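Undergrad: 3D, please:
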Amino acid sequence: SDNPAQFTVAARQRTAVPLEFRVDDDEVDLTGSYDITVTVDEPHPPVIVVANAAGAITGSTHAPSIAVFPARGDGDVAPLRTIAGPSTTLTTAIDLAVASDRIVVSDGDAIAMFALDASGDVAPVARIAGPTTGLTSTLGIAVASGVIYVLQHDTILVFPMIANGDVAPTRQITNTGIQEAFHLQVDHDSIYVLDSGFVSPPQIKVFPASASGDTAPTRVMQWTPALGGQGFGLAVRGSEIFTLSQQSIDVLPIDGGFFVEPVRSVVPVLDAFQITEFRNELYVAGWLDNTVRVYADAAATGATPLRTISGPSTGLDAPVAVVAH
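TA: Residues are numbered from 1 along each chain as shown. Reported below is the predicted structural model:
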């Protein structure tokens, strides 16, 4: 096989990498001693990508932007690069995902896509928008298996990653019973939606990733956050769901029933809006205090951040979403 063999690993997807070993003429006795060593070189250092909603939610005159920081960034650090300006077409930048070296942004009545290495006032490499798309006020967004899932009111619209222009969704998941949701994740062949619960404890509603048409959740999990309050964000990893509320991170078992008790909680975690998990760490977007805080995934009550990106050099401006890649 090629040396090196090029392959891409996408979040929450399995990548097959076939390796072939060949000898000419001779037979190989596999009862002997053979050492096969596999070395993986990443094409780029890991980064975090942050959506700055800016004036879209604060009322300021600042326009939304996308900022990229080193994943190990700490303190008052400048972004590696920033996507901002009129050519970007960004109007809200309320959520984002990264897949296939593209940044996929939930942006009002559109889905905008940028190259991961894009910088400056650049146009999207693709933009899904127009009356045929059905996009009017997008919220949470997720990408899995080459498919974009975008949350809008009580409906989830599904587009292929290769979509561009005024195109219809390939599927619509409707009449879901979602009331007030901001974020969703796709994992375990399921869609997990955090229904924030303005008038009741928050819930996670689970749908088949392949669903189409009117679809009730296959399962609903309801919990009471450690310090109460509204639920905002969630991240799925293995057998755990990390939920973010107004004052805490609560960890739930992924197979929980309707009334579920958190396995553990991290308090206090204030002024945050979205959470993502990456390499045993939790990244939290602090939209009110303009920070990105990093916690250990095993953190419990009283834990303090391992690192905090904060300060004027960061350019953080109402960061409402963060993903790692």
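Undergrad: Would you mark the buried spots in stretch 95-107?
TA: Residues of stretch 95-107 classed as buried by neighbour count (16 or more other C-beta atoms under 10 Å): 95-99, 102-107. C-beta coordinates here come from the backbone N, C-alpha and C atoms, glycine included.
Undergrad: Equivalent analysis for stretch 182-199, please.
TA: Under 16+ other C-beta under 10 Å, the buried positions of stretch 182-199 are 182-187, 190-197.
Undergrad: I'd like to know which of those residues is nearest to residue 234.
TA: residue 194 (4.5 Å; C-beta to C-beta).
Undergrad: dump the residue contacts of residue 129.
TA: 109-111, 135, 165-166 (C-beta atoms under 8 Å, 6 or more residues apart in numbering).
Undergrad: That one and residue 62, how far apart?
TA: Remark: distance between residue 129 and residue 62 (C-beta to C-beta, to the nearest Å) = 22 Å.
Undergrad: now residue 86
TA: In terms of C-beta to C-beta, residue 86 sits 13 Å off from residue 62.
Undergrad: Which one's more surrounded, those two?
TA: Each of residue 86 and residue 62 has its neighbours counted (other C-beta atoms under 10 Å); residue 62 has more, 16 against 9.
Undergrad: Let me see the contact set for the more buried one.
TA: Contacts of residue 62 (C-beta under 8 Å, 6+ apart): 54-55, 317.
Undergrad: Where does pLDDT dip in the stretch 51-200 of the chain?
TA: Where the stretch 51-200 of the chain drops to pLDDT under 70, the residues are 197-199.
Undergrad: any chance you could map the strands in it?
TA: In the stretch 51-200 of the chain, the strands defined using DSSP state E, counting those that start in this stretch lie at 65-70, 81-83, 95-99, 102-107, 110-115, 126-129, 141-144, 147-152, 155-160, 171-174, 181-187, 190-195.
Undergrad: now for those, which one comes closest to residue 223?
TA: Nearest of the strands of the stretch 51-200 of the chain (C-beta to C-beta): strand 190-195, 10.7 Å.
Undergrad: C-alpha coordinates for the closest one, CSV please?
TA: Provided in CSV are the C-alpha atoms of strand 190-195 (Å, rounded to 0.1, in the frame of the first residue of the first chain):
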residue,chain,number,x,y,z
SER,A,190,-29.3,9.0,16.3
ILE,A,191,-30.0,12.7,16.5
TYR,A,192,-29.8,14.1,20.0
VAL,A,193,-31.6,17.5,20.5
LEU,A,194,-31.4,19.5,23.7
ASP,A,195,-34.9,21.0,24.2
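Undergrad: still on that earlier bit, a markdown table for the contacts of residue 62, including distance to residue 311?
TA: Below are the contacts of residue 62 laid out as a markdown table (distance: C-beta to C-beta, whole Å):
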| residue | distance to residue 311 |
| --- | --- |
| 54 | 17 |
| 55 | 20 |
| 317 | 12 |
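Undergrad: Just the terminal-to-terminal distance for stretch 177-192.
TA: 13 Å (C-alpha to C-alpha, to the nearest Å).
Undergrad: cool, and stretch 39-50?
TA: 30 Å.
Undergrad: do the same with stretch 201-216
TA: 19 Å.
Undergrad: picking up where we left off before, any idea which of the contacts of residue 62 is closest to residue 74?
TA: Distances from residue 74 to those, taken by C-beta to C-beta, are shortest for residue 317, at 19.2 Å.
Undergrad: What about residue 81, how many residues nearby?
TA: Number of residues near residue 81 (other C-beta under 10 Å) recorded here: 16.
Undergrad: picking that back up, can you tell which of the strands of the stretch 51-200 of the chain is closest to residue 213?
TA: strand 171-174 (6.3 Å).
Undergrad: Please name every helix or strand in contact with the closest one.
TA: Packed against strand 171-174, as judged by 3 or more C-beta pairs under 8 Å, 6 or more residues apart in numbering; DSSP states H and E, are the following elements: strand 155-160, strand 213-214.
Undergrad: Please enumerate residues in contact with that strand?
TA: Contacts of strand 171-174 (C-beta under 8 Å, 6+ apart): 134, 154-158, 191, 207, 211-215.
Undergrad: For the contacts of residue 129, which two are the farthest from each other?
TA: 109 and 165 (13.6 Å).
Undergrad: Looking at those two, which is more packed in?
TA: Taking other C-beta under 10 Å, residue 109 and residue 165 do not tie; residue 109 has more neighbours (17 against 11).
Undergrad: What residues does that one make contact with?
TA: 129, 135-138.
Undergrad: from those residues, which is closest to residue 122?
TA: Nearest to residue 122, judged by C-beta to C-beta, of the contacts of residue 109 is residue 129 at 16.9 Å.
Undergrad: show me what contacts residue 175?
TA: Shown in contact with residue 175 (C-beta under 8 Å, 6+ apart): 154, 214-216.
Undergrad: how about 10 Å then?
TA: 154-155, 213-216 (C-beta atoms under 10 Å, 6 or more residues apart in numbering).
Undergrad: doesn't residue 54 make contact with residue 61?
TA: Yes. With contact defined as C-beta atoms under 10 Å, residue 61 counts as touching residue 54 (8.8 Å).
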